[in-house]
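Peer 1: Fold the following and give me the result.
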Amino acid sequence: MDTSSKTDGPVVIETVTPAVIPATLSQEAIVVRPAAAGDVQFAAAITAEMETSAKARGTGIARRSVASIVQKILQGKAVIAVTMNGIWAGFSYLETWEQEQFVSNSGLIVAPAFRERGVAALIKQQIFRLSRVLYPAAKIFSITTGLAVMKLNTRLGFEPVTYDMLTHDPAFWKGCSSCVNHGILCSKDGKNCLCTALLFDPARHAG
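Peer 2: Got it, this is the predicted structure:
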């Protein structure tokens with residue numbers, strides 16, 4: 001199994017094949033692949049778009065720092081979409097919890113100029129594949145208020161669950177403290193909020 005989760009240095013993931021969204025008459029092709037060390041140059045733009053997009057939708061999102069995005073890239077725990085000319089088009093990352101029993105797929109974002117081209121769906125597929133390659137026995141989960149993300153997860157085999165079926169690691173839930181809806185989560189003792197919880201359990205898909 002890949003040991004990228006054990007190092008803070010740059011890694012190259014060879015087990016998830018890059019996918020390509022073909023060029024059109026007016027738009028260049030987009031490659032969706034595991035992020036590499038050179039992609040840290042996009043970290044500031046990615047975090048800025050995450051916050052801008054959440055505000056525009058009027059939905060909550062846990063804020064990510066530039067440093068945290070850089071860390072995920074260098075650990076080999078991220079997927080990025082870039083054009084053939086090196087412009088970032090989208091991003092997502094994964095994180096492990098409870099000694100790798102759980103993996104969260106988080107931070108899915110597509111730059112405005114590249115929306116409506118299937119970038120989000122392909123990123124979701126790639127971060128899911130990366131999660132399965134690195135942590136094949138882990139339960140993979142996502143919490144979201146976005147209908148499109150819910151639909152993408154459902155296609156991959158995720159099922160809606162209650163919050164008590166997700167990780168109980170306080171560090172994960174602490175990440176919700178910067179969300180505008182955090183007060184709702186606290187008022188319900190962490191049992192539910194506006195986000196829908198979705199879980200992929202590999203044991204249910206064995207064989």
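Peer 1: Could you use CA atoms for every contact and neighbour count after this?
Peer 2: Will do.
Peer 1: mind checking pLDDT for the most far-flung residue of the chain relative to its centre?
Peer 2: Using CA atoms, centre = their mean, the residue of the chain lying farthest from its centre is L25. It sits 29.9 Å away. With respect to pLDDT, L25 has a value of 88.
Peer 1: can you tell me how far G157 sits from A206?
Peer 2: 12 Å (CA to CA, to the nearest Å).
Peer 1: Who has more neighbours out of these two?
Peer 2: Higher neighbour count among G157 and A206: G157, with 14 against 6, using other CA atoms under 10 Å.
Peer 1: Break down the chain into its strands, ranges please.
Peer 2: 19-21, 30-34, 78-83, 88-97, 102-110, 139-144, 159-161, 196-200 (DSSP state E).
Peer 1: Tell me which of those strands lies nearest to V70.
Peer 2: Nearest to V70, of all the strands of the chain, is strand 78-83, at 9.6 Å by CA to CA.
Peer 1: List the neighbouring strands of that closest one plus their orientation.
Peer 2: Strand 78-83 has these partner strands in its sheet, going by DSSP bridges: strand 30-34 (antiparallel), strand 88-97 (antiparallel).
Peer 1: List the buried residues in the worst-scoring helix or strand of the chain on mean pLDDT.
Peer 2: When each helix and strand of the chain is scored by mean pLDDT, DSSP states H and E, helix 43-57 comes last, with a mean of 85. Neighbour-count burial for helix 43-57, counted by 16 or more other CA atoms under 10 Å, picks out A43, I46, T47, E49, M50, E51, S53, A54.
Peer 1: that older thread, nearest to S65, of the strands of the chain?
Peer 2: Per CA to CA, nearest to S65 of the strands of the chain: strand 102-110, 11.4 Å.
Peer 1: contacts for that closest one?
Peer 2: The set of residues external to strand 102-110 that reach it, using CA atoms under 8 Å, 6 or more residues apart in numbering, is 46, 49-50, 89-97, 119-120, 123-124, 127-128, 131, 135, 138-142, 166-167.
Peer 1: Could you list the low-pLDDT ranges of the protein?
Peer 2: Applying pLDDT under 70 to the chain flags residues 1-14, 56-63, 207.
Peer 1: Give the bridge partners for the spatially most central residue of it, please.
Peer 2: Nearest to the mean C-alpha position of the chain, counting by CA atoms, centre = their mean, stands S106 at 3.0 Å. In this entry, S106 is beta-bridged to Y93, by DSSP bridges.
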